[in-house]
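Participant: Kindly return the folded structure for what I paste below:
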Amino acid sequence: MKYYVNLQNNFTSIIINLKYNVYFLMKRIFLLQIFCCILSSVLFTQNKLKFSANSVESMKDNNISMNLFKDNVQIQDNNRILYADLAKQIPDSNKVILSGSVRMYEESDSLECDKLIIHKYEDDTYYAIGNVILRDSIRTIYGDTLFIEYQNNLLKRLNIKSNAIIYSKQYWDKDGEKKVFQDEMRGQSIFINFDINEQIDFIEISGMASANFNILKNDIIKGINEVSGDSMLIYFINNNINIMEVLGGVIGEFVPDQENHNISYPILYTANHINYNLKSEKTILTNNAKVIYGQTILTGGEIEADLDLNLVESKLMDSILPSVSSGSESPTYGNYMIFDLETETGNIEDGYNQIDLGVFRGDDFLTDKDDNVYINNAMFTSCDLEEPHYHFGSQKMKIINSKEQIIGRPMILYIQDFPALSLPLTILPNSNRESKSGFIMPSFGHSRKHGTWIQDFGYYYAPNDYYDFLTYIDFYDKSKFRMETIINYKKLYGPKWYNYKISGGLKLKNYNRELSSSNDFTDLGDKSKSSEDYSIHFHHNQDFDTMQYIRINYNYHSYYSVNDINNIENNYDAYLSQQKEDSQLFYSKNSLYGSLSIGASANRNLNIPTPNNADQVYSYKHQYYPEIKYDYRKSKLFGKGDKWYHNMSLSYDISFLNKYKSFSKISNSDGTDWLDDDLIDITSPGLQQAVKLALPINLFFFNLTPNLNFNEKWAIDNDLTNIQARSLDYNLSLDLETVIFGLLPVNMKKLSAIHHTMTPSLSFLYNPKSNIIKGHIEDFDNHRVNVNFNSSSTARFALRNLFQVKILNSNNEYIKRSILGLNFNTSYDFEKQTFGDLFSKISLKNKDGSEYLRINMQHDVRNIFKGRSLELKSLTTSISRQFGHKLSGESTLSETDSLSSYNSQNNDIWDAQFNISLTASYTLQDKWDVTYTNLDLRSSIRLSENWKLENRMYLNLEDMNMEYYKLQLKRSLHCWNFEFFMVPIGYNKGFGLRINISDPGLQSLRITQSTVKGWS
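Facilitator: Modelled structure (predicted):
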């Protein structure tokens, strides 16, 4: 028997499909009617829970009795009301399980989840599972699971596990302006404890704990504080955060509100433990504490930040000294320091600092917002000993950050503790960087030929890392005057489209040299007695982004000497190449598949020689008008894949070649001078475009590449209004290549094997005569594009050989090194049915793969077919080789040596090194031509732990003359350097003595004596 029940408005409709006897049917109908009368409103009380549902049934599961409530389930638990799609009540265990859109409401609080388990004991517990959302009037809690515990029917504890989040609201009202701020707390788990008034007592966050909360005080929005750590403990008073403790790898940041004008920068802080009091706005950081404010970095054993007074204090704790630094500067240490966030000034007690050049000590260190440092009773030295060999002392010392200077009033130089020099005001440099502004100290000297001289006197100005300015002069009162000015600029990754990357420079050089006809320096400006060398060099590189840039170059060089006739006659080409002006402008825009370029250039010779004969033509100026070129490249025409046609590639390029002008001078009829009017030769514009198809195919062991190229060319008139002629061409080529490897095992000392790589290749090229589709083939004459007047078909043969060895290097590792290259190539012309010459190249390789010996040969192969040998037509060779060796003696190492600024990484008692350089060439006509052969010998002997003697000698092996010899004696005096040298043979003979402070920034403090020009 099967029956269906439909319940609606307390009315039961029973449809019976008769299969059995009437007696059983009537009995079932009677029982069903009694059940349906009460089904629509089942209410009963058990364990303080009141249930309501559309249907209920009793059942047993594993001998456990339970009541099953379905559809529109509603449960009332005191003042809490729960809703669900399904509820299982287990009376024996006082347990109820709700599922399906579970919701619970209690006054203004609500709970939503996928599943809820209720335990009814003395103290009720609720266990929510899946997509848990708990809300009250100011907070919303999210998590994967939630455990709720009640005590005496009052909320006692909440435990959110897995992906726990709490959002809290803060309300702000000032002068009718209202705002709502949201705070956030996150962690793997969050435990919340409530007091007897159901107010939050404390919150414990564990596992990747983080909190973001707004700081509002006295109707002022101060900012937002973000903090994270391993765990977090938050205490509440009157439902507001009072104290927050964060433990383990704490990282935080306070971002001031835009209306908070007392704090200019965000405050970043780190520590292993942080205690934050929101009421007093004090934060105490301990254990590896650090605070970063703008460019200022504070560290210490304990740091206390007071955001109410905008003060940060750093104190000594666990033997960790407080320190403060700015940017990349070294830190200043002290026993106690305080920093004002509002004024950006600080004070340090018993300070100690090593700023760039050396160590600073003083009673008090005070810093301002410009990172300037003020020191009372200051001491400065670059000597790193506890009792320095020298130091500067001053009652008041100021370190100016922007100018990188140290100012002392007064400043006393102490050698040991003896006051050697006292000045009322002293300015010292304070920077080790390459770009530091200041005067360039000159060198002074005297010679019989040039008189008294001052060399390299100038000024260098580098206000920042973006540009610098350098100007200096050399002056010899009997010889010459030189002035040079250099301006460089650089900007990397600017925020604007036009300053992504900019660099460039301007160099001005003016050089006058007085000749032998006068010894009076006032004649330097007289062209009849002196020469002039003047040049301007400018370059500008500007990248708009990584794919777009512009380049500008300009060079001007003029040289004049009315008496230097021998220089013009003997070095005519070199002389003229220096007298020129040229400029270039180039723009490029690249993309994934193509590139666009636009460029123009011009050049001219500034000195035009006198003509040699009548009607002579001399070209001196050239102008290339703006040209445009676009390339399109698609490496894979049909995309990626494994089929043979996926290797097909397509490229397209189009070039507009603008007109080219050449200006020439024409001599007069008697050949004594040039005519005033120039002869202007114009090469007319042209346009060419090409489509290229290539299909590389791997066929067995060969690489086969057929190529098909289509070309169209236009001959355009000078005013760009008419196309005079057009041609449509094509050419075919086929390249065949393979690689053959050979290996010869060799076990000979460090040599393991010889590798031979042989690459034969064969190419066929067919280029038919141009097909003229407009105009005539002669219309292409004197245009920037060329056409084929005849067809051609050739084959090219090439064979490349590379020999490499596998050897052990100094680290006892096997490396592969090239030793020999042997290449051959020739061609065959199918139109003329003749072979071309055979070109051979033999090259011997250096360790780095470059050539030190190259032999080029050209042979005529036509006689081979007549039974004769190859005919050598030309042979050229060149060799450039440097041979060297180094010897060393017994090594020694001492503490004194390790402090020497002259010591190398090794401490051999003696060492010697020699190098032989050889450059030569050979041709069939000129035979051998040795252009340079030289022996360079260097040696050094450590006379003692402190003294070192160095020698250097140049010997010309061609005529066995010693061209240069220098002896040098050095000693390090810890923070001082001593150096003496003598040059008895060679250019710039003389001697020099120098004693100076070893620190690079203070080497201008020196004692020197020299007879050598340019040395100080």
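
Participant: And for residue 458, the neighbour number?
Facilitator: Neighbour count of residue 458, defined by other CB atoms under 10 Å: 17. C-beta here means a position set from N, CA and C on the backbone, and glycine is covered the same way.

Participant: Likewise for residue 80?
Facilitator: The tally of other residues near residue 80 (other CB under 10 Å) stands at 19.

Participant: Tell me how many other residues crowd residue 632.
Facilitator: 15.

Participant: Local confidence estimate at it?
Facilitator: Per-residue confidence for residue 632 comes out at a pLDDT of 90.

Participant: what's near enough to touch it?
Facilitator: 593, 594, 650, 651, 652, 653 (CB atoms under 8 Å, 6 or more residues apart in numbering).

Participant: Bridged to the second one, which residues?
Facilitator: Beta-bridge pairing of residue 594 under DSSP bridges involves residue 632.

Participant: cool, and the fourth one?
Facilitator: The residues paired with residue 651 through beta bridges, assigned by DSSP bridges, are residue 633, residue 692.

Participant: residue contacts, it?
Facilitator: Per CB under 8 Å, 6+ apart, neighbours of residue 651: 631, 632, 633, 634, 691, 692, 694.

Participant: If you rank those by neighbours, which is first?
Facilitator: Ranked by the number of neighbours (other CB under 10 Å), these place residue 694 first, at 18 neighbours.

Participant: can you tell me how far that one sits from residue 664?
Facilitator: To residue 664, residue 694 is 43 Å away according to CB to CB, to the nearest Å.

Participant: now residue 151
Facilitator: Residue 151 is 108 Å from residue 664, by CB to CB.

Participant: These two: which is more packed in?
Facilitator: residue 664 (16 against 13).

Participant: thought the more buried one was touching residue 678?
Facilitator: Yes. Under the criterion of CB atoms under 8 Å, residue 664 makes contact with residue 678 at 6.4 Å.

Participant: Contacts for stretch 613-623, please.
Facilitator: 602-605, 608-609, 611, 660-671, 674, 678-679.

Participant: Try it again at 10 Å.
Facilitator: The contact list for stretch 613-623, computed with CB atoms under 10 Å, 6 or more residues apart in numbering, reads 576, 580-582, 600-612, 658-672, 674, 678-682.

Participant: Now the buried members of the residues you listed.
Facilitator: By neighbour count, with 16 or more other CB atoms under 10 Å, the contacts of stretch 613-623 hold 576, 580-581, 601-602, 604-605, 611, 658-660, 664-667, 674, 678 as buried.

Participant: Give me the subset of the residues you listed lying in strands.
Facilitator: 580, 581, 601, 602, 604, 605, 660, 664, 665, 666 (DSSP state E).

Participant: Now for these: which two are most distant?
Facilitator: Put simply, by CB to CB the two of those set farthest apart are 601 and 666, 24.7 Å from each other.

Participant: where does residue 498 land in three-state SS?
Facilitator: Following DSSP: H, G, I helix; E, B strand; the rest coil, the label given to residue 498 is helix.

Participant: can you tell me which residues contact it?
Facilitator: Contacts of residue 498 by CB under 10 Å, 6+ apart are 542, 543, 544, 550.

Participant: let's see 6 Å
Facilitator: Going by CB atoms under 6 Å, 6 or more residues apart in numbering, residue 498 touches no other residue.

Participant: now it: how far from residue 543?
Facilitator: When distance is defined by CB to CB, residue 498 is 10 Å away from residue 543.

Participant: Residue 870 too?
Facilitator: 53 Å.

Participant: of those two, who's got more company?
Facilitator: Legend: neighbour count by other CB under 10 Å for residue 870 and residue 543, higher for residue 543 (19 against 15).

Participant: Now that one: closest residue in space that isn't a chain neighbour?
Facilitator: residue 501 (3.8 Å; CB to CB, 6 or more residues apart in numbering).

Participant: and that neighbour, what pLDDT?
Facilitator: 86.

Participant: what's the burial count for it?
Facilitator: Residue 501 has 16 nearby residues by other CB under 10 Å.

Participant: Please enumerate the helices of the stretch 901-1016 of the chain.
Facilitator: For the stretch 901-1016 of the chain, helices defined by DSSP state H, counting those that start in this stretch do not occur.

Participant: Please identify the buried residues of stretch 856-869?
Facilitator: For stretch 856-869, burial by neighbour count (16+ other CB under 10 Å) applies to 856, 857, 859.

Participant: do stretch 982-990 as well
Facilitator: For stretch 982-990, by 16+ other CB under 10 Å, it's 982, 983.

Participant: just the strands in the stretch 801-950 of the chain please.
Facilitator: Remark: strands assigned in the stretch 801-950 of the chain by DSSP state E, counting those that start in this stretch are 814-829, 834-835, 838-845, 851-860, 871-888, 910-923, 927-942, 947-956.

Participant: Need those in TSV (columns: mean pLDDT and distance to residue 173).
Facilitator: Shown next, in TSV, are the strands of the stretch 801-950 of the chain (pLDDT from 0 to 100; distance: least, CB to CB, whole Å):
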stretch	mean pLDDT	distance to residue 173
strand 814-829	91	77
strand 834-835	90	100
strand 838-845	91	83
strand 851-860	84	84
strand 871-888	68	83
strand 910-923	69	83
strand 927-942	76	82
strand 947-956	85	80
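
Participant: the domain parsing of this structure - what is it?
Facilitator: 1-40, 344-432, 890-920+929-1010 (automatic domain parsing).

Participant: Who are the packing partners of the lengthiest strand in the chain?
Facilitator: The longest strand of the chain (DSSP E) is strand 154-174. The contact analysis (3 or more CB pairs under 6 Å, 6 or more residues apart in numbering; DSSP states H and E) places strand 154-174 against strand 139-151, strand 177-194.

Participant: can you list the residues that contact it?
Facilitator: 138-149, 179-187, 189-194, 198, 214, 216, 219.

Participant: for residue 737, what are its contacts?
Facilitator: So, once contact is read as CB under 6 Å, 6+ apart, residue 737 ends up touching 703, 761.

Participant: Pairing partners for it in the sheet, please.
Facilitator: Bridge pairing for residue 737 - DSSP bridges - gives residue 703, residue 761.

Participant: Can you check the pLDDT for it?
Facilitator: On the pLDDT scale, residue 737 gets 95.

Participant: about what we covered before: just curious, which of the contacts of residue 651 is nearest to residue 62?
Facilitator: Set against residue 62, the nearest of those by CB to CB is residue 634 (70.3 Å).

Participant: Report the separation between the closest one and residue 648.
Facilitator: Taking CB to CB, one finds residue 634 at 10 Å from residue 648.

Participant: same question, residue 735
Facilitator: Remark: distance between residue 735 and residue 648 (CB to CB) = 15 Å.

Participant: Repeat that for residue 618.
Facilitator: Counting by CB to CB - residue 618 and residue 648 are separated by 52 Å.

Participant: next one: residue 286
Facilitator: Going from residue 286 to residue 648 by CB to CB gives 69 Å.

Participant: just to revisit the earlier point, indicate which one of the helices and strands packed on strand 154-174 is closest to residue 753.
Facilitator: strand 177-194 (59.4 Å).

Participant: Grab the CA positions of the closest one and hand them over as PDB.
Facilitator: C-alpha atoms of strand 177-194 as PDB (Å, rounded to 0.1, in the frame of the first residue of the first chain):
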ATOM      1  CA  GLU A 177      30.300  66.000  11.100                       C
ATOM      2  CA  LYS A 178      29.900  62.300  11.600                       C
ATOM      3  CA  LYS A 179      32.200  59.500  10.500                       C
ATOM      4  CA  VAL A 180      32.300  55.800  11.100                       C
ATOM      5  CA  PHE A 181      35.800  54.000  11.300                       C
ATOM      6  CA  GLN A 182      36.300  50.300  11.100                       C
ATOM      7  CA  ASP A 183      39.000  48.500  13.100                       C
ATOM      8  CA  GLU A 184      40.200  45.000  12.200                       C
ATOM      9  CA  MET A 185      41.800  42.000  14.000                       C
ATOM     10  CA  ARG A 186      42.900  38.800  12.300                       C
ATOM     11  CA  GLY A 187      44.500  35.500  13.300                       C
ATOM     12  CA  GLN A 188      44.400  31.800  13.000                       C
ATOM     13  CA  SER A 189      42.400  31.700  16.200                       C
ATOM     14  CA  ILE A 190      40.800  34.300  18.500                       C
ATOM     15  CA  PHE A 191      39.700  33.800  22.100                       C
ATOM     16  CA  ILE A 192      37.400  36.400  23.700                       C
ATOM     17  CA  ASN A 193      36.600  36.500  27.400                       C
ATOM     18  CA  PHE A 194      33.600  38.500  28.800                       C
END
